[in-house]
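S.K.: After the sequence you'll find the predicted model.
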Amino acid sequence: MIVQVEQFSLLRGQLITAKEADRVAENGYKIALKRFQNGEISITDLNIALSERESAKRDYIGSLSTYWLAYYNLRILTLYDFETDQKIKYENPRLPSDTNK
């Protein structure tokens with residue numbers, strides 16, 4: 001379980017980095033588009049900027065997915081809800097319930 005906690009911490013840092021890379025790629029594409037419209041760069045250069053933007057977006061979405069999978073895996077392993085600061089309790093439907101007490 002210690003490995004999963006450390007992995008989760010690393011994934012958080014990777015997510016922040018991927019989000020920043022996505023932002024930078026988006027800005028780079030906007031600049032390239034304006035330069036293309038002004039005739040300063042070729043269509044090839046614009047396509048390169050577009051490809052970099054799409055790649056950064058895919059990486060960010062992949063990082064989000066990996067982060068949340070690790071988060072919920074950690075919840076399953078610990079049976080703890082970190083948002084509400086409570087233990088997670090499940091009732092077994094095959095066992096009699098404690099509602100009669």
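M.R.: Structure's in. What do you need?
S.K.: same for the helix or strand of the chain with the lowest mean pLDDT, what does it pack against?
M.R.: In the chain, no helix or strand scores lower on mean pLDDT, DSSP states H and E than strand 80-81, which sits at a mean of 84. Packed against strand 80-81 by the contact rule (3 or more Cβ pairs under 8 Å, 6 or more residues apart in numbering; DSSP states H and E) you find strand 86-87. C-beta: built from backbone N, CA, C; applies to glycine.
S.K.: Partner strands of the strand it packs on and their direction?
M.R.: Each strand paired with strand 86-87, and its direction, by DSSP bridges: strand 80-81 (antiparallel).
S.K.: roughly how far out does the partner strand sit from the chain middle?
M.R.: 20 Å (Cα atoms, centre = their mean, to the nearest Å).
S.K.: residues making contact with that strand?
M.R.: Applying Cβ atoms under 8 Å, 6 or more residues apart in numbering, the external contacts of strand 80-81 come out as 75, 86, 87, 88.
S.K.: Could you report the separation of the most centrally placed residue in the chain from residue 3?
M.R.: Nearest to the mean C-alpha position of the chain, by Cα atoms, centre = their mean, lies residue 64 at 1.1 Å. Residue 64 sits 21 Å away from residue 3, going by Cβ to Cβ, to the nearest Å.
S.K.: helix or strand for residue 53, which one?
M.R.: Assigned by DSSP states H and E, residue 53 belongs to helix 43-78.
S.K.: Which elements pack onto that helix?
M.R.: The elements that helix 43-78 packs onto, with contact taken as 3+ Cβ pairs under 8 Å, 6+ apart, are helix 2-37.
S.K.: Now do the helix it packs on against helix 43-78, angle only.
M.R.: 160 degrees (axes from the mean of the first three to the mean of the last three Cα atoms, to 10 degrees).
S.K.: Can you give me the buried ones in helix 2-37?
M.R.: Using 16 or more other Cβ atoms under 10 Å as the test for burial, helix 2-37 gives 11, 15, 18, 21, 22, 25, 28, 29, 32, 36.
S.K.: pLDDT and distance to residue 53 for those residues - can I get that in TSV?
M.R.: Below are those laid out as TSV (pLDDT from 0 to 100; distance: Cβ to Cβ, whole Å):
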residue	pLDDT	distance to residue 53
11	95	23
15	96	18
18	97	13
21	97	10
22	98	8
25	98	4
28	98	7
29	98	4
32	98	9
36	97	13
